[in-house]
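K.L.:
3D, please:
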Amino acid sequence: MSNLFMRKTTFLVGGREITDPLTIKFSVPFGDNDKVDTIDIQIYNLKDETINSISINQVAILSAGYVDDNGVIFSGTLKKKETKWEGLDKITTFKCIDCTLDYTRGVVKRTYGRNTPASLILRELACDAGLAIGDIDLPVDFIYRSGKALMAKLSFLYLKLQRIVKRNCILIKGVCMYVINLKVTNLG
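P.N.:
Got it, this is the predicted structure:
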């Protein structure tokens, strides 16, 4: 019996739901930089049939909490799986990234017509990378008067567009955020 009273952890991957009573260990780091975070999820004593049915590049969702109150703490893509024996325990480690597409490797090939705003390109690039994006309010929404052809890695395109629209972009847990320069006013 688990010593984590009323706690529940669920790992959804490859159409499979893996949950208690199997032992699931994980650590989800919080990173606010432009690099893709990687997490390891260890599951003890999975059947070979279950391990073999899960392939890489599938959506991986980890939720944790209590039986009546839990939520998603990680959503991303399975990039690697490996199984090893430690004594009598068979431990399968799933290595996942917090992006539905590895945006550091994804390549975009697209052409835009005349008078295309940079905000439209940013929105479509975010969708290509599987990133959530909200309202786009840019100080400079550059208009490509003669159109724009893109053929590069997503990460390079983001960096290039940041300079054009005068905003810094950061990725936090699969969400694309353009940082706005804040002004602090002395109210005293």
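
K.L.:
could you pull out the helices for the protein?
P.N.:
48-53, 118-128, 154-165 (DSSP state H).

K.L.:
from memory F26 sits against I43, does it?
P.N.:
No. F26 lies out of contact with I43 (C-beta atoms under 8 Å); the separation is 9.1 Å. The C-beta positions use only the backbone N, C-alpha and C, and glycine is treated the same way.

K.L.:
who has more neighbours, these two?
P.N.:
The residue with more neighbours, out of F26 and I43, is I43; 24 against 17, by other C-beta atoms under 10 Å.

K.L.:
so what's that one bridging to?
P.N.:
Taking DSSP bridges as the rule, I43 bridges to I24, T92.

K.L.:
what does D69 give?
P.N.:
For D69, the beta-bridge partners under DSSP bridges are Y66.

K.L.:
how near is it to I61?
P.N.:
Distance of D69 to I61, given as C-beta to C-beta, to the nearest Å: 17 Å.

K.L.:
residue ranges in the chain under the pLDDT threshold?
P.N.:
1-4, 30-36, 99-106, 127-137, 155, 158-159, 161-188 (pLDDT under 70).
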